Structures are given as C-alpha cells and as structure tokens.
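> Dropping the sequence and predicted coords here.
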Amino acid sequence: MSGSQSSLGGGAPASGVTPPNSLLDGKALAQKVRDEVREDVARFVAKHGRPPGLDVILVGEDAASVVYTRNKEKASNEVGMRGRLHRLPAETSEAELLDRIAALNADETVDGILVQLPLPKHIREDLVIEAVSPAKDVDGFHPINAGRLATGKASLVPCTPTGCMRLIAETGRSLEGARAVVVGRSNIVGKPMAMLLLGANATVTMAHSRTKDLPAVCREADVLVVAVGRARMVKGDWIKEGAVVIDVGMNRDESGKLCGDVDTESARTRASFITPVPGGVGPMTIACLLQNTARAAWARVAGG
Ligand SMILES: Nc1nc2c(c(=O)[nH]1)N[C@@H](CN(C=O)c1ccc(C(=O)N[C@@H](CCC(=O)O)C(=O)O)cc1)CN2
C-alpha cells in the first residue's frame, strides 16, 4: 500500500524496527509493555506501600483457559503485582461465583478482578460481568465501561482491542481517515475494536456472519482486524495490497496446530504488516491486562 492509495501513509514504523511486509512481533512488543508496567508498579509500591492486586477467577477445567489464567497470574507477579488465581470447580453455582466476586469487590487490596471466559453453561455470563465493580473491571467488559468507551470517555478498555491498537501503532501508519474493517462483532473484541478505531478517526466498517460478499468488504480495508474464531477463513486474495492485517483468531486446525482466522502464508504476500498466530495479538492481551490493572490501581488510590 503506498501513501497515495490511502491515508495510511508510508513511513517508518514507530520504533523503526518493523520493516514493511513483515510479521508484527507481538511477543517483543508485549515484553516492552510489560517492562513499562513493571516500572509503573515500582512507582505505585514506593508511593502506596503495597503492590497492585489482580485476582483472576477460573471456573472449570477448559484447557485453554487453564493456560491463559496461569499466564495471567504469572505475568502479574513477574511485574511486581500481587497476582492471585482462584480455581473454582465446574460445578460452582452462579450464586457461589457472585459471592466470590462480591468479596473481591470489597477487598481494599484488590484493584483488578477478571472472570475467565467462557463460563460453564449454567452460569449467566452477563450477570457475572455486571457483578464486577466497574472500577476493578480490568477486562473492560462491564456495560458501564463499554458505555464510557462508546461515548468517548474510555476508562478500562478490553485488553485484546487495546493490544491490537498498540500493534497497529507499531507499524507507524496513521489511522486518520483510513478505511478500517473489523470482522466479528463480539462484545469483548469486535465492538470495542470498532470504537477504538473510530476514536482514532478511521472510517470503520463492522462485518459479520450476515455481511454480503465479505471478501469484497475485506478488500476495501487499509486496516483489517479479524476476530471470528474460524481457522484461516480470510485468504490472501481478500487482502488489499499493502493493508495492515491484525489476526485475533486463536484456533486449532485439523492437525491440532494453533492458527488464526487469517491464512497467514497467503495473506502476508499482500499485507504490509500482519500479526502471526501464535506470537501476535495473544501476548498483547496479557500485557494490556497488566496495564489495565496498574491503571485501575492508580485510579482507585486517586479516588480515595
Ligand atoms: N475474561 C477474559 N476471558 C477471555 C479473554 C479476555 O480477555 N478476558 N480473552 C480470550 C483468551 N485470552 C485471554 O484470556 C488469551 C488468548 C490467547 C493468549 C495467548 O497468549 N496466546 C498465545 C498462544 C498461547 C497457546 O500456546 O495456547 C499466542 O497467541 O501467542 C492470551 C490470552 C478469551 N477469554
């Protein structure tokens, strides 16, 4: 994509280390974010005499969720936070889970609370999300935080979209007036992603399962964000030459190999930048969770 084709003008990437037509290194960028958070946490501890507290709740034994929540607990402690993982059995009742959340809401040493999704079918996810205090909602899923984002008063923003924006910034390309297409309209990725892109003055199209001629819509995108949960659905010929492609997918293909929603090998011949799976958006999700927790901790002590 040349500067003349779109407002996503040419130019060196922000940090100058990611040449065009390349894989965006989410692991390296996530490490940079974690280092920033570690310094911020040290300042918090020096000023307040305690570390920010992050409490992660896992209900059941979903294999991927076990990995992600362990990584969240480990990552939070590695940057100096007090990270705690609550492992509850799959039979935990909705009332028991709500009681646990209420106790953490009331605990002054807890700054961030997250309940790992998906939950077992007998538990209503919307009820659980709304039970977390908005000030401690480091996932940014609570309707109050979603509303603040939608009305330009963002407070705590979902981790994956935040990480995607940081990855896009790493390309050095401006979003001002750029055509952005978000494929997928979930509350935890698609919708907040569209809000963040809109806030950056992109012209945003939200595509989904009912969109007609999806490949044609994707080809309009200077920035394409795909978050649908379908292995390698987006092919190389759906990509506009020079587009920035952000693959949020986390799938297993027929041979059990981790892969994204985009067919990376064919897409990267056309994309100027593309995120790999694994090693792209995933690590940024965890890093931005840490950033949200530090932000929530500072906001809570400022609020008294
Ligand atoms: N309460 C929440 N639940 C879920 C969220 C969330 O943000 N909050 N997001 C996803 C899962 N997710 C975080 O929980 C997540 C997914 C993937 C990764 C990651 O680092 N992936 C690695 C590969 C890991 C592997 O080998 O399996 C990568 O992409 O490199 C981190 C977090 C749904 N639930």
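That came in fine, so what should we check first? Residues are numbered from 1 along each chain as shown.

> which residues sit in contact with the closest residue to the ligand within the stretch 101-250 of the chain?
Minimum separation of the stretch 101-250 of the chain from the ligand (CB to the nearest ligand atom) falls at residue 117, amounting to 3.8 Å. For glycine as for every other residue, the C-beta is placed from the backbone atoms N, C-alpha and C. For residue 117, the contact set (CB atoms under 8 Å, 6 or more residues apart in numbering) comprises 65, 125, 188.

> right, and the secondary structure at the last one would be what?
Secondary structure state of residue 188, per DSSP: H, G, I helix; E, B strand; the rest coil, is coil.

> Counting neighbours, what do you get for the nearest residue to it once chain neighbours are set aside?
The shortest distance from residue 188 to any residue that is not its chain neighbour, by CB to CB, 6 or more residues apart in numbering, is 5.5 Å, and that residue is residue 158. If you count neighbours by other CB atoms under 10 Å, residue 158 ends up with 29.

> For the stretch 51-200 of the chain, what lies in contact range of the ligand?
For the stretch 51-200 of the chain, the contact set with the ligand under CB under 6 Å from any ligand atom comprises 67-68, 114-117, 139, 159-160.

> Out of these, which sit inside strands?
With strands taken from DSSP state E, the overlap with those comprises 114-115.

> Identify the farthest-apart pair in the residues of the stretch 51-200 of the chain next to the ligand.
With distance counted by CB to CB, no two of those lie farther apart than 67 and 139, which are 17.3 Å apart.

> Closest residue of this structure to the ligand?
When CB to the nearest ligand atom is the measure, the chain has its nearest residue to the ligand at residue 282, with 2.2 Å between them.

> Angles on the backbone of that residue, please.
Residue 282 adopts backbone torsions of phi -50, psi -60, taken as degrees, to the nearest 10.

> what does residue 207 give?
Its backbone dihedrals place residue 207 at phi -100, psi 160, with angles given as degrees, to the nearest 10.

> on that earlier part again, so the residue nearest to residue 188 makes contact with residue 139?
Yes - because the distance of 6.2 Å satisfies CB atoms under 8 Å, residue 158 is recorded as touching residue 139.

> Touching both of the two, which residues are there?
Applying CB under 8 Å, 6+ apart, one finds that residue 158 and residue 139 are jointly contacted by residue 188.

> For the closest residue to residue 156 other than its chain neighbours, give me the pLDDT.
On the basis of CB to CB, 6+ apart, the spatially nearest residue to residue 156 that is not a chain neighbour turns out to be residue 140, at 4.3 Å. Model confidence at residue 140, expressed as pLDDT, equals 98.

> what do you get for residue 303?
In the prediction, the pLDDT value recorded for residue 303 is 80.

> OK, contacts around it?
residue 135.

> Residue 231 now?
Residue 231 sits next to 249, 251-253, 259-261 when contact means CB under 8 Å, 6+ apart.

> The same query, at a cut-off of 10 Å, please.
With contacts taken as CB atoms under 10 Å, 6 or more residues apart in numbering, residue 231 has the following neighbours: 249-254, 257-263, 277.

> just to revisit the earlier point, the residue of the chain closest to the ligand and residue 26 touch, don't they?
Yes - with the criterion set as CB atoms under 10 Å, residue 282 and residue 26 qualify as a contacting pair; they are 6.8 Å apart.

> More neighbours: these two, which one.
The residue with more neighbours, out of residue 282 and residue 26, is residue 26; 27 against 24, by other CB under 10 Å.

> Against residue 196, how distant is the nearest residue to the more buried one once chain neighbours are set aside?
Spatial nearest neighbour of residue 26, chain neighbours left out: residue 280 (4.0 Å); criterion: CB to CB, 6+ apart. When CB to CB, to the nearest Å is the yardstick, residue 280 and residue 196 sit 17 Å from each other.

> One more: residue 119?
Look at residue 119 and residue 196: by CB to CB, they are 25 Å apart.

> How about residue 135: what's its closest non-neighbour residue?
Nearest one to residue 135, counting by CB to CB, 6+ apart, is residue 300 at 6.0 Å.

> try residue 77
Here the nearest residue to residue 77 in space, its sequence neighbours aside, is residue 83; by CB to CB, 6+ apart that works out to 4.5 Å.

> Equivalent analysis for residue 75, please.
Using CB to CB, 6+ apart and skipping the chain neighbours, the partner closest in space to residue 75 is residue 286 (5.2 Å).

> what do you get for residue 171?
The shortest distance from residue 171 to any residue other than its chain neighbours is 4.7 Å, reached at residue 273 (CB to CB, 6+ apart).
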